[in-house]
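>>> sequence plus predicted model, see below.
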Amino acid sequence: MVQDKVSQALLEALRSAQQRGMLKLEQTPVINLEAPKRPEWGDVSCTVAMSLSASERRPPFEIAQIIIDHIEQPDLLFSRVEIARPGFLNLTVKRQLWMDVLHAIEAQGASYGHSHLGQGRRVLVEYVSANPTGPLHVGHGRGAAVGQALVRLLKATGHEVVSEYYINDAGRQMKLLGVSVLARYLESCGKSVAFPEDGYHGDYIRAVAARVKAKEGEGLVSLPTVEAEQRSKDVAYRELLTLIRQDLETFGIVFDSWFSEASLLTSGTVDQVLGELKARDLLFDQDGAQWFRSSVFGDEKDRVVRKQEGDYTYLASDIAYHRDKLRRGFDLLVDVWGADHHGYIPRMQAVVQAYGYPKERLRVVLVQMVNLLRGGQKVEMSKRSGEFITLREVMDEVGVDAAKFFFLMRDSSTHLDFDLELAKQQSQENPVYYVQYVHARIASLRRVAESRDITCPFPSQADLHLLEDPDEIALIRKLSVFPVVLQASAVELEPHRMAYYLRELAGMVHPFYNKHRILPPAPDSDAGTAVSIESASSPSRPSEAVAPSLTGARLALMWAVQQVVRNGLQVLGVSAPEQM
RNA sequence: GCGCCCGUAGCUCAGUCGGAUAGAGCAUCAGCCUUCUAAGCUGAGGGUCGUUGGUUCGAUUCCAACCGGGCGCACCA
């Protein structure tokens, strides 16, 4: 990689300067490379001279000069080396090195940008994990998009990843679900019943009740309430979980594993786990309840695991669940949570530490609320009242790709405004199309070329030295950074970086396409005299002459661009269409 | 009150490890389709990076205080 070669050369220069006594270098300096904003600052710039200034007690400019003087055979790497004002090293890399980027993309294809950073470390990514008490809503959609992108990013960086959905199929909410469904069921059987005040009011509950009736007839009417509730709950659970699974599938997401909370309770795992903690004096009894000493591990206070009435809290099963995850031998646990659960992080980290692991073994990615708007007006959502926009509705209205990209466009830790009217209106102008269009446009380019018997060479088959326009070099430079972006996106667990990169790349390709000619004009088109007239009146229509070899080189470049766009979209779980 | 997140253009947001003249999209205005897909392109206007201090060659970025917004602080999940 170009960046690696440059930093290596600079590091060697620093060392050799040190050996000759020109620099002290008390600590090995970090070679800080960045992409300059202005073309006259070269391809790569480095700020190491300025950061050394203090410890070397010399002006940065002098240090920069020393570094330059000690670069061995600068001609091999650089075509120009300059020092700018305080002490920036502005380096222009030889063109041949940029061409190597295209060769690398060709050689690596779909795995260009991928790395072995993770060294096969095993990661469990748990996400969505919505209670099976209703259909998924928009907020879950965002978590789903983020979680899936994280899975793909981690896989692409050499991690062994398992995705898991934790089903909260125990506890109060499920009980309430059973009660709600039974109430609707009894209604449909002509019984008048008071609907539970805190029950689930959504229309889907009636649909589920209808399924219960289809299955059980009116048999539940005569059963004892407890049993009738239980049966309603069982049917509802299966129905709703299937619904969730189908919604996710439509969204392009399939989990490796589904983990049931109830299974931890029925198998006695929770009892066992709490027993272990008790034996280690990490649990204590107080006020008739049982508490976990999470404060020992930095939580602000201890937490109840078993209530006075004897029921377990959610935390109890979560302790058992996370212990189970750790026992399965994962090197890293990634939990994707709604941001309103952030107060829960310290106690889960306490759990991890209670089992002897550093708290960093658990990384929680918080997904902030989706603010649903309709024509600028906030849509109030509440699962209880049943007024909420489902993921299904959003997918139907905006499309899967657009919805995903929208969710991934922003840092997941910030609030997201999602205006349904706007999303519908903009379905033609959504940023995702801007990126996908690059892929489709290049595909089209190649189709046209083939129809005209113009061969589309791979980089290795093209005269790449013909790519000398600054726009072409800039594009290649952008492609060269893709692996860096992918890595950063994975390491920071921030998929939005990739989304932004792709938009930036698209923002270079479309202007390039409009400015530069790739194929020669169609033979039947009336070129010649018309061109000169047009070029005067419409500068956005490219009229530059392209020799066949330049066409080949540019097609090879476009091929590489297409590959990178495809790889980038892949990692976000968004499709790369051949045609739009 | 305590904790977490956030405050950057009219709106929605990027901004890497502190770097050079702070960037996109939308919206507004003015233009570009007889030639590779106009889901595109060109140009214009628009900024006290919440405020005040501190750290240093240099701060949107780091630190502190304050102001404003969101969320959390359950024997709910």
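Looks like it arrived, so ask away.
>>> just checking, residue A:123 is part of a strand?
Yes - assessed with DSSP: H, G, I helix; E, B strand; the rest coil, residue A:123 lies in a strand.
>>> how about the contacts made by it?
Neighbour list for residue A:123: A:154, A:159, A:160, A:161, A:162, A:330, A:331, A:332, A:333, A:334 [criterion: C-beta atoms under 8 Å, 6 or more residues apart in numbering]. In this view, the C-beta of every residue, glycine as well, is placed from N, C-alpha and C.
>>> which of the residues you listed fall within helices?
Counted as lying in helices by DSSP state H, out of the contacts of residue A:123, are residue A:154.
>>> turn the contacts of residue A:123 into CSV, columns for pLDDT and distance to residue A:13.
Shown next, in CSV, are these (pLDDT from 0 to 100; distance: C-beta to C-beta, whole Å):
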residue, pLDDT, distance to residue A:13
A:154, 96, 36
A:159, 96, 35
A:160, 97, 39
A:161, 97, 40
A:162, 97, 45
A:330, 96, 42
A:331, 95, 37
A:332, 95, 37
A:333, 95, 43
A:334, 95, 40
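>>> ok and the residue in the stretch 201-350 of chain A nearest RNA strand B?
residue A:343 (2.6 Å; C-beta to the nearest atom of the strand).
>>> can you find the helix or strand of chain A with the lowest average pLDDT?
Ranked by mean pLDDT, DSSP states H and E, the weakest helix or strand in chain A is helix A:529-537, scoring a mean of 36.
>>> distance of the residue nearest to residue A:160 when sequence neighbours are not counted from residue A:305?
What sits nearest to residue A:160 in space, not counting adjacent residues and going by C-beta to C-beta, 6 or more residues apart in numbering, is residue A:122, at 4.7 Å. Look at residue A:122 and residue A:305: by C-beta to C-beta, to the nearest Å, they are 28 Å apart.
>>> quick one: which of these two has more around it?
residue A:305 (25 against 15; other C-beta atoms under 10 Å).
>>> once you drop chain neighbours, what's closest to the more buried one?
For residue A:305, the spatially nearest residue (C-beta to C-beta, 6+ apart) is residue A:316, at 4.2 Å.
>>> what's the per-residue pLDDT of the residue minimising distance to the centre of chain A here?
The residue lying closest to the centre of chain A (C-alpha atoms, centre = their mean) is residue A:495, at 2.8 Å. In the predicted model, residue A:495 carries a pLDDT score of 93.
>>> assign a three-state SS to the residue lying closest to it once chain neighbours are set aside, would you?
Excluding the flanking residues, the one nearest residue A:495 by C-beta to C-beta, 6+ apart is residue A:149, at 3.7 Å. Of the three states, residue A:149 takes helix under three-state DSSP.
>>> please apply the same query to residue A:164.
Secondary structure, three-state DSSP: residue A:164 is strand.
>>> wait, it touches residue A:321, no?
No - applying C-beta atoms under 8 Å as the test, residue A:164 and residue A:321 come out as separate, 9.9 Å apart.
>>> how close does the residue lying farthest from the centre of chain A sit to residue A:180?
Note on chain A: the largest C-alpha distance from the chain mean falls to residue A:222, namely 51.5 Å (C-alpha atoms, centre = their mean). In this view, residue A:222 and residue A:180 are 20 Å apart by C-beta to C-beta.
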